[in-house]
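Engineer: pasting a predicted model and its sequence here:
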Amino acid sequence: MAGMKQFKILVTHPEIPSVAIRKLEERCELVICPEVPYPSREQILSKISTDFDGILWLSKHRMDKEVLDLAGPKLKVVATVAVGYDNIEVVEAKKRGIKVGNTPGVLDAAVAEIAVCLLLEVARRVPEGRNCILEGKWEAVRPQWLLGKDLQGSTVGIVGLGNIGQAIAKRLLPFGIEKLIYSGHKRKPEGDKLGGIFVIFDELLKQSDFIVVACPLTEETRHLFNAKAFAEMKPSAILVNIARGDVIDQEALISALQTGKIWGAALDVMTPEPLPSDHPLTKLKNCVLAPHLGSATEKTRAAMAMLAVDNILAALDGSEMPAPL
Ligand code: NAP
């Protein structure tokens with residue numbers, strides 16, 4: 001029937017780029033959670049009913065058994081608008097025959113740019129220097145004032161040389177780094193191509209001047225960076241995290257930064273998010289913070305939304321999703 005929508009989709013946030021919404025609307029009736037800046041989990045749950053074919057999950061809340069129970073047997077697909085899926089109960093969904101997709105690849109460059117940006121900011125103490133200007137404490141006449149760390153000639157260790165880790169490595173190599181090492185489950189051909197050396201995690205901790213965390217949050221990586229790890233790192237080392245806050249034991253990080261166990265840190269992700277403005281992390285001069293900006297560019301967010309929409313439509317058409325989990 002002309003004009004009849006084939007499917008019904010729940011969209012869990014109102015701020016989906018319009019190009020993606022238009023594409024979805026061509027074939028689907030949409031129910032969109034309207035709350036800004038962010039629908040609560042309860043607000044999302046209150047919208048779920050048993051007549052949805054798919055859910056576009058743009059939320060840090062958990063997509064779990066409770067969500068799936070509320071949606072019932074009609075639900076065919078959940079597409080998360082993110083590459084990390086630590087908040088999505090993929091196994092539970094699949095057990096019920098529900099397809100799950102994410103958005104890898106399209107955000108690698110944007111996240112890598114943030115990683116490089118944060119790494120340079122902390123190494124060259126740019127936010128700290130800006131604060132000195134604002135506080136009237138510009139002491140540039142002193143030759144030993146606000147000295148940073150060189151990226152050139154350094155050893156960079158990447159924890160998780162996946163799509164984003166590789167994009168970061170590619171961008172750091174032209175800075176003239178001395179050595180690229182990485183850890184993970186196995187040596188990778190992509191690592192060989194980049195001239196990277198696969199090492200065990202302990203070795204990476206010991207050798208690196210800069211460590212960039214780009215692995216997923218899993219039971220194995222939760223608090224991978226704990227007091228023991230910080231004790232193994234060089235006192236001159238800088239830690240950059242663009243993965244997930246809980247890969248780092250934040251209490252241990254704060255203590256390591258306060259006591260000079262490590263030199264500095266830069267975090268795009270932390271716990272909790274949003275971080276309270278008076279949190280101890282915000283008091284540290286040697287810690288640069290960004291409010292989870294990794295994929296936050298206009299082009300990237302649109303590409304992520306389009307990929308999520310393509311995942312939904314492919315799953316509902318019974319064809320292969322472009323980015324299945
Ligand atoms: P990916 O392509 O799947 O790469 C992840 C890599 O981590 C894989 O190569 C994996 O390889 C490795 N890994 C898994 N467990 C590890 C461990 N215990 N130690 C070291 N490496 C491990 O994923 P991606 O697209 O690069 O994304 C990585 C993560 O970045 C996501 O999961 C997400 O949490 C985060 N992220 C953050 C932002 C942001 O806005 N800040 C944006 C996007 C993504 P092996 O299993 O072979 O080791």
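Structural biologist: Thanks, I have the structure now. Numbering: from 1, shown residues only.

Engineer: in the stretch 51-200 of the chain, what residue comes closest to the ligand?
Structural biologist: Gly162 (1.6 Å; CB to the nearest ligand atom). For glycine as for every other residue, the C-beta is placed from the backbone atoms N, C-alpha and C.

Engineer: look up how far Val288 lies from that residue.
Structural biologist: 23 Å (CB to CB, to the nearest Å).

Engineer: neighbour-wise, which of those two wins?
Structural biologist: Each of Gly162 and Val288 has its neighbours counted (other CB atoms under 10 Å); Val288 has more, 24 against 18.

Engineer: angles on the backbone of the more buried one, please.
Structural biologist: phi -100, psi 130 (degrees, to the nearest 10).

Engineer: returning to that earlier point: what number of residues lie near the nearest residue to the residue of the stretch 51-200 of the chain closest to the ligand once chain neighbours are set aside?
Structural biologist: Closest residue to Gly162 apart from its sequence neighbours, by CB to CB, 6 or more residues apart in numbering: Ala214 at 6.6 Å. Counted with other CB under 10 Å, the neighbours of Ala214 add up to 27.

Engineer: so Ala214 makes contact with Leu172?
Structural biologist: No. Taking CB atoms under 8 Å as the definition, Ala214 is not a contact partner of Leu172, at 11.6 Å.

Engineer: write out the residues of the stretch 101-250 of the chain neighbouring the ligand.
Structural biologist: For the stretch 101-250 of the chain, the residues in contact with the ligand (CB under 6 Å from any ligand atom) are 104, 107, 111, 159-165, 183-186, 214-217, 220-221, 242-244.

Engineer: which of these fall in strands?
Structural biologist: 159, 183 (DSSP state E).

Engineer: give me the buried entries from the residues of the stretch 101-250 of the chain next to the ligand.
Structural biologist: Using 16 or more other CB atoms under 10 Å as the burial test, those include 104, 107, 111, 159-165, 183-184, 214-215, 217, 221, 242-244 as buried.

Engineer: next step: the residues you listed restricted to helices.
Structural biologist: 111, 163-165 (DSSP state H).

Engineer: any chance of the residues you listed in TSV, with distance to Leu151 and pLDDT too?
Structural biologist: As requested, those are exported to TSV (distance: CB to CB, whole Å; pLDDT from 0 to 100):
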residue	distance to Leu151	pLDDT
Val111	18	98
Asn163	22	98
Ile164	18	98
Gly165	17	98
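
Engineer: from the ligand, how far off is the closest residue to Ile32 other than its chain neighbours?
Structural biologist: Sequence neighbours aside, Val11 is the residue nearest to Ile32 in space, at 4.5 Å (criterion: CB to CB, 6+ apart). Applying CB to the nearest ligand atom, to the nearest Å, the value for Val11 to the ligand is 20 Å.

Engineer: who does Val11 bridge with?
Structural biologist: Ile32, Leu56 (DSSP bridges).

Engineer: my read: it touches Leu58, true?
Structural biologist: Yes. With contact defined as CB under 8 Å, Val11 counts as touching Leu58 (7.1 Å).

Engineer: of those two, give the one with the bigger neighbour count.
Structural biologist: Val11 (27 against 23).

Engineer: tell me the pLDDT at that one?
Structural biologist: Note on Val11: pLDDT of 98.

Engineer: Ala140 too?
Structural biologist: Ala140 is given a pLDDT of 80.

Engineer: sec struct for it, please.
Structural biologist: coil (DSSP: H, G, I helix; E, B strand; the rest coil).

Engineer: please name the nearest non-neighbouring residue to it.
Structural biologist: Leu146 (7.9 Å).

Engineer: touching, the one you found and Arg125? I think so.
Structural biologist: Yes. With contact defined as CB under 8 Å, Leu146 and Arg125 form a contacting pair (5.2 Å).

Engineer: who's more crowded, these two?
Structural biologist: Each of Leu146 and Arg125 has its neighbours counted (other CB under 10 Å); Arg125 has more, 20 against 14.

Engineer: which residue ranges of this protein form helices?
Structural biologist: Under DSSP H, the chain gives helices at 18-27, 41-47, 65-71, 90-95, 108-123, 126-134, 163-172, 189-193, 201-207, 227-232, 250-258, 298-317.

Engineer: just so I know, which of those helices lies nearest Glu273?
Structural biologist: Glu273 lies closest, by CB to CB, to one member of those: helix 250-258, at 11.6 Å.

Engineer: so what's the most centrally placed residue in the chain scoring on pLDDT?
Structural biologist: Centroid check for the chain by CA atoms, centre = their mean gives Ala243 as the closest residue, at 4.4 Å. Predicted confidence (pLDDT) for Ala243: 98.
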